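# here's a sequence, model it:
(chains A and B)
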Amino acid sequence: MKKHTLLTLLALFFATFLTAQSESDKLVGIWEPSNGKARVKIEKIADKYYGKIVWLREPIDPVTNVPKVDKNNPDESMRTVPLKGYRMLKDFVFKGSGEWADGTIYDPENGSTYSCVIKLKDDNTLDIRGYVGVKALGRTDVWKRLEAKK
Amino acid sequence: MKHFFQPAALFFLIFAAVSCGKVSTLEFKPAPITLTAEGPLFEGSNTAQGVLTNAELEALLAQGGYRGAAIKSARLVSALLLTETDTLTLDNLSEITLQLAAPEVDMQKVAVLNPVPVGKNSAALQVAAEQEKIAKLLQQPALTLVADVNLKQDTEANLTVKCQLVFEINVKD
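Got it, this is the predicted structure:
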């Protein structure tokens, strides 16, 4: 009887663990912001989630005629970092209930970094809220998964 | 009143003695870190990763009679990208950005090379002028070296490169 109870508890533990794991990894994939200018691949590195630009609608800078770089970075030494491959989402931690927080989002168009929280609205839609200081004073963008999960 | 000032004076003396410790600068040059991305890989953005454990730094600090907690500040002073063997070149890479990450510390962008020179089997990256939290990163049990690499063309093979990092560490006696 005791052995049976122990096995049931172990099975329950692993089932809970695997469910939590798969829920947190729902963020992983390729996503497109509402303006359609870029596609961002979100992946898991060292237990946190990071997103990098993998595609740009206009990859070439019309002024310099070479691939776009992070020309607005406040650190001048990093202004040659290419935008293709740029990590614009950093250090997100899964908080449960379809929410990832404690991370930042970088806007290459003005070189600013904002606090950010990500909410999974459904399997193929994210609410990305960037803010400064208070969450209420921010802006939310809706991102769509590139290959929709059915 | 006297009872209040005595512990306060003692605390001040201890604080002054601790904060006036001599600061020494050490060069930390771990063995080259292998960065790998599993193939097949496609043209464009890919990520190669490698791990640096704190064993080598602990050995260096122990050799000098320091403990890990004595690190006051640190910065990356150079980063050299190397091919796995001398006969290979870095020709399939167009650009590379290097970052350090750990579960308890925010990811730090530390170096970039754009463009990667053609026909070479090694190349020095430009190190970031602004570096934060490098000391905290080095005090983690392990840190992940994340290389975002843009490839010029698809490849069936794994991507393997090495990275030689050199840090300057200020430690307090």
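
# what's stretch B:33-53 in contact with?
A:41, A:43, A:45, A:52-55, A:84-85, B:30, B:84, B:141-165 (Cβ atoms under 8 Å, 6 or more residues apart in numbering or on different chains). C-beta coordinates here come from the backbone N, C-alpha and C atoms, glycine included.

# now those: which count as buried?
Buried members of those, counted by 16 or more other Cβ atoms under 10 Å in any protein chain shown: A:41, A:43, A:45, A:52-55, A:84-85, B:30, B:143-151, B:155, B:159-165.

# near chain B, which residues of chain A show up?
Residues of chain A lying close to chain B by Cβ under 8 Å from any Cβ of the partner chain are A:41, A:43, A:45-48, A:50, A:52-55, A:69, A:74-78, A:80-82, A:84-87, A:90-91, A:104.

# what bridges to residue B:26?
Residue B:26 forms beta bridges with residue B:169, as assigned by DSSP bridges.

# what's around it, how many residues?
Residue B:26 has 18 neighbours, counted by other Cβ atoms under 10 Å in any protein chain shown.

# ditto for residue A:146
By the measure other Cβ under 10 Å, the count of residues near residue A:146 is 15.

# now the helices for chain B?
Secondary structure of chain B (DSSP state H): helices at B:2-19, B:55-63, B:134-138.

# least reliable of those helices by average pLDDT, please.
In terms of mean pLDDT, the lowest-scoring of the helices of chain B is helix B:2-19 (a mean of 53).

# below-threshold pLDDT in chain A: ranges please.
Applying pLDDT under 70 to chain A flags residues A:1-3, A:6-21, A:148-150.

# can you check chain B too?
B:1-21, B:67-69.

# what parts of it come near chain A?
Applying Cβ under 8 Å from any Cβ, we find that chain B lies next to chain A at B:44-45, B:47, B:49, B:94-95, B:97, B:99, B:101-103, B:106-107, B:109, B:112, B:114, B:126-130, B:144, B:146, B:148-150.

# quick one: which of the residues you listed sit in strands?
Using DSSP state E, B:44-45, B:47, B:49, B:94-95, B:97, B:99, B:101-102, B:106-107, B:109, B:112, B:126-127, B:144, B:146, B:148-150 are the members of the residues of chain B next to chain A that sit in strands.

# buried subset of the residues of chain B next to chain A, written for ChimeraX?
Per 16+ other Cβ under 10 Å, the buried members of the residues of chain B next to chain A correspond to this ChimeraX selection:
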select /B:44,45,47,49,94,95,97,99,101,102,106,107,109,112,114,126,127,128,144,146,148,149,150
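
# would you map the strands across chain A?
For chain A, the strands defined by DSSP E cover A:29-32, A:38-45, A:48-56, A:87-96, A:99-107, A:112-122, A:125-131, A:138-145.

# chain center to the fifth one: distance?
Averaging C-alpha coordinates over strand A:99-107 and over its chain gives two centres that are 7 Å apart (Cα atoms, centre = their mean, to the nearest Å).

# report the angle between that strand and strand A:48-56.
Between the axes of strand A:99-107 and strand A:48-56, defined by axes from the mean of the first three to the mean of the last three Cα atoms, to 10 degrees, the angle is 40 degrees.

# what lines up beside strand A:99-107 in the sheet?
For strand A:99-107, pairing defined by DSSP bridges yields strand A:87-96 (antiparallel), strand A:112-122 (antiparallel).

# for residue A:33, find the nearest of those.
Residue A:33 lies closest, by Cβ to Cβ, to one member of these: strand A:87-96, at 9.7 Å.

# for the closest one, buried residues please.
Going by neighbour count (16+ other Cβ under 10 Å), the buried part of strand A:87-96 is A:87-92, A:94.

# how close does the residue nearest to residue B:131 when sequence neighbours are not counted get to chain A?
Among residues not flanking residue B:131 along the chain, residue B:75 sits closest, at 4.8 Å (Cβ to Cβ, 6 or more residues apart in numbering or on different chains). Residue B:75 sits 12 Å away from chain A, going by Cβ to the nearest Cβ, to the nearest Å.

# who are the contact partners of residue A:90?
Here residue A:90 is in contact with A:50-51, A:103-104, A:106, B:106-107 (Cβ under 8 Å, 6+ apart).

# farthest-apart pair in those, please.
For the contacts of residue A:90, the farthest-apart pair by Cβ to Cβ is A:51 and B:106; their separation is 14.4 Å.

# the nearest residue to residue A:146 once chain neighbours are set aside: neighbour count?
Of all residues not flanking residue A:146 in the chain, residue A:30 sits nearest, at 4.2 Å (Cβ to Cβ, 6+ apart). By other Cβ under 10 Å, the residues close to residue A:30 number 15.

# what sits against residue A:125?
Shown in contact with residue A:125 (Cβ under 8 Å, 6+ apart): A:142-145.

# my error: substitute residue A:109 in the last question.
By Cβ under 8 Å, 6+ apart, the residues touching residue A:109 are residue A:72.

# separation between it and residue A:135?
Per Cβ to Cβ, to the nearest Å, residue A:109 is found 22 Å from residue A:135.
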